[in-house]
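*Asks:* the following comprises the amino acid sequence and a computationally predicted model.
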Amino acid sequence: MAESNVRFPVRLHRRVCLILTEDAALAEEVLARKKLSGEVAGRLTSRVLLIRPGRIDAVLDELRKMGHTPHVIGASTHHPAVESAPMSKES
């Protein structure tokens with residue numbers, strides 16, 4: 001096999017906020033919500049959404065209004081670090 005000299009752009013971000021969902025359908029539900037879709041900067045995988053900088057509090061509030069139970073990993077000014085699992089819908 002011949003070696004490829006193909007280059008592609010890479011961008012490194014620090015201190016980003018992500019939404020990790022249990023499945024792709026839940027990520028689609030988040031994207032379908034008008035108040036949340038504007039806060040999403042990109043989709044990394046079918047289950048992982050990148051949140052715009054400085055918008056985590058608004059996103060967490062809206063997710064709770066939707067009946068979700070988001071868990072926060074890492075410290076922020078308003079949310080202490082807690083152990084986490086992917087976001088799930090309350091039963």
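*Replies:* Looks like it came in fine. Residues are numbered from 1 along each chain as shown.
*Asks:* what about the protein, any weak spots by pLDDT?
*Replies:* 1-3, 75-91 (pLDDT under 70).
*Asks:* for the spatially most central residue of it, give its distance to Asp61.
*Replies:* Centroid-nearest residue in the chain: Ile19, 2.0 Å away (criterion: CA atoms, centre = their mean). To Asp61, Ile19 is 13 Å away according to CB to CB, to the nearest Å. For glycine as for every other residue, the C-beta is placed from the backbone atoms N, C-alpha and C.
*Asks:* quick one: the helices in the chain?
*Replies:* For the chain, applying DSSP state H gives helices covering 24-32, 34-37, 56-65.
*Asks:* pull out the buried residues from the first one.
*Replies:* Within helix 24-32, the residues that count as buried by 16 or more other CB atoms under 10 Å are 26-27, 30.
*Asks:* between those, which is nearest Leu44?
*Replies:* Taking CB to CB as the measure, Ala27 is the one of the buried residues of helix 24-32 closest to Leu44, at 10.0 Å.
*Asks:* isn't the closest one up against Leu44?
*Replies:* No - in this structure Ala27 lies outside contact range of Leu44 using CB atoms under 8 Å: 10.0 Å.
*Asks:* where along this structure do the strands fall?
*Replies:* Counting by DSSP state E, the chain has these strands, from start to end: 17-20, 40-43, 48-51.
*Asks:* looking at those, which is nearest to Thr69?
*Replies:* The nearest among the strands of the chain, by CB to CB, is strand 17-20 at 12.5 Å.
*Asks:* which strands and helices sit next to that closest one?
*Replies:* Counting contacts by 3 or more CB pairs under 8 Å, 6 or more residues apart in numbering; DSSP states H and E, strand 17-20 is packed against strand 48-51, helix 56-65.
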